[in-house]
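*Asks:* Model the structure of this input:
(one chain, ligands or ions: 1)
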Amino acid sequence: MTITANRCARCGGPVYAHQRFCEQCGAPVGASPGAAAPVGQPGSVAPQRQSGMTGCCVAAVVGFLIVFCFGLALAALAAYLLSPSFSFGP
Ligand SMILES: [Zn+2]
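*Replies:* Numbers count the residues shown, from 1 in each chain. Now for the predicted structure:
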């Protein structure tokens, strides 16, 4: 009878109660919940996203306009180059 106390945070293998390190990958078990998961910091990320949203939207619109104008110019140039009969002036 084997009692599984926890699962390894690194490899997901079974880690028993008397073990301090993972038997498969050697990761420390006791410090895994606090040290191996530096993900939960929602408070410091949300204000940056809210403050940077306006600048991001402006940059997106400007970038879209630039790409749109560049695409129009490129399409006109391609049409001019691909059609021999197209010519400006008399
Ligand atoms: Zn492991």
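*Asks:* Which residue ranges of this protein form helices?
*Replies:* With helices called from DSSP state H, the chain shows them at 32-35, 46-51, 53-82.
*Asks:* quick one, which of these is nearest to the ion?
*Replies:* Distance to the ion, taken as C-beta to the ion, is lowest for helix 32-35 among those, at 9.1 Å. (C-beta placed from N, C-alpha, C; glycine too.)
*Asks:* still on that earlier bit, which one of the helices of the chain lies nearest to G12?
*Replies:* helix 32-35 (11.3 Å; C-beta to C-beta).
*Asks:* tell me the mean pLDDT over the closest one?
*Replies:* For helix 32-35, mean pLDDT is 48.
*Asks:* By mean pLDDT, which helix or strand of the chain comes out lowest?
*Replies:* Comparing helices and strands within the chain by mean pLDDT, DSSP states H and E singles out helix 32-35 as the least confident, with a mean of 48.
*Asks:* contacting residues for the residue nearest to P28 when sequence neighbours are not counted?
*Replies:* Residue nearest to P28 in three dimensions, not counting chain neighbours: F21, with 5.7 Å by C-beta to C-beta, 6 or more residues apart in numbering. By C-beta atoms under 8 Å, 6 or more residues apart in numbering, the contact list for F21 reads 27-29.
*Asks:* Can you pull the residues of this structure lying near the ion?
*Replies:* 8, 10-11, 13, 22, 24-25, 27 (C-beta under 5 Å from the ion).
*Asks:* now do 8 Å
*Replies:* 8-13, 15, 22-27 (C-beta under 8 Å from the ion).
*Asks:* From these, list just the buried residues.
*Replies:* By neighbour count, with 16 or more other C-beta atoms under 10 Å, the residues of the chain next to the ion hold 8-9, 15, 22, 27 as buried.
*Asks:* need those residues in JSON lines with pLDDT and distance to L74, can you?
*Replies:* What follows is those, written out as JSON lines (pLDDT from 0 to 100; distance: C-beta to C-beta, whole Å):
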{"residue": "C8", "pLDDT": "88", "distance to L74": "54"}
{"residue": "A9", "pLDDT": "87", "distance to L74": "51"}
{"residue": "V15", "pLDDT": "88", "distance to L74": "59"}
{"residue": "C22", "pLDDT": "90", "distance to L74": "56"}
{"residue": "A27", "pLDDT": "91", "distance to L74": "53"}
